[in-house]
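this one's sequence-less:
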């Protein structure tokens, strides 16, 4: 037979007493609302179990069995707590996964930062190298332009006068220095009698080194257009002798023919003798 002191009745009595006491206290001051969390629920469950044990012990002393029935509201509350525990565990696992992902992403971000820093350093080095190359190329271009302008202007005239430049060049005793000075006269004063004379005098310096062919070229250049200058007859004979010495007898005879037509009448006996000797050597008719 069920005891009149069932768990439900006892719990209701306890709750009723609490409500009555609470009503009395509420008349004096309001109580704050209870926040049911896990700790409070655990305390409630522990207190209920203590109350059960106390009732069972008392009922055993009386000799009547005590039927303990679980309160449906308490069972529902326990189910909600279990569900909250599971949700909390799921949330903890989710947070752990998120933390792991964040750590991995942080590591990857650090790696990317290091790679970006290395790339920036390489780009800076490349920019510096390109800048140095561009500067060197610009310097080379300017130097080439200056050299081209200097070459276009030609050597500077030491006196500013063609005749004086030629005289200064002829006064030099060193063949190399004299040739350089004569070349400067030929470049600075190309269309003047002094410039043409400088050209055939360069031929004399070249002939002195044994280069007959080079000398012939200089003589022919000086005689371009067959000038009527005082030295033209002598240079024509030098051209004819150089052609004969390089086994070009036909051309030597042609040069002698030009000498006869243009310069023989005004030539000295010594030049006429040179012309006759050259004609014999070249077997001219």
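Received the coordinates, thanks. Just so we're clear, the structure is a prediction, and the values are computed from it rather than from any experiment. Numbers count the residues shown, from 1 in each chain.

which residues touch residue 263?
Applying CB atoms under 8 Å, 6 or more residues apart in numbering to residue 263 gives the contacts 232-233, 236. Backbone N, C-alpha and C define where each C-beta goes, glycine included.

since we're on residue 217, how many residues are nearby?
For residue 217, the count of nearby residues is 17 (other CB atoms under 10 Å).

OK, contacts around residue 262?
226, 228, 232-233, 236.

if we go to 7 Å?
By CB atoms under 7 Å, 6 or more residues apart in numbering, the residues touching residue 262 are residue 226.

state the pLDDT value of it.
Residue 262 carries a pLDDT value of 93.

now residue 185
90.

now swap in the one 10 residues further on and tell me
Looking at residue 195, its pLDDT reads 91.

which SSE is it in?
Counting by DSSP states H and E, the element that carries residue 195 is helix 193-208.

list the helices and strands that helix packs on?
Applying 3 or more CB pairs under 7 Å, 6 or more residues apart in numbering; DSSP states H and E, we find helix 193-208 packed against helix 162-170, helix 175-188, helix 212-222.

other residues contacting it?
With CB under 7 Å, 6+ apart as the criterion, helix 193-208 contacts 162-163, 165-166, 169, 175, 178-179, 182-183, 185-186, 189, 214-215, 218-219, 221-222, 227, 229, 231, 235.

narrow those to just the buried residues.
For these, a burial check counting by 16 or more other CB atoms under 10 Å picks out 162, 165-166, 169, 178-179, 182-183, 185-186, 189, 214-215, 218-219, 222, 231, 235.

among the contacts of residue 263, which one sits closest to residue 210?
Using CB to CB, residue 236 comes nearest to residue 210 of the contacts of residue 263, at 21.7 Å.

surely that closest one meets residue 258?
Yes: the pair residue 236 and residue 258 passes the contact test of CB atoms under 7 Å, sitting 6.1 Å apart.

so these two - more neighbours on which side?
Using other CB under 10 Å, the more surrounded residue of residue 236 and residue 258 is residue 236, with 26 against 17.

before we move on, the earlier item: what are the buried residues along the helix holding residue 195?
194-207.

can you give me the angle that helix makes with helix 162-170?
20 degrees (axes from the mean of the first three to the mean of the last three CA atoms, to 10 degrees).
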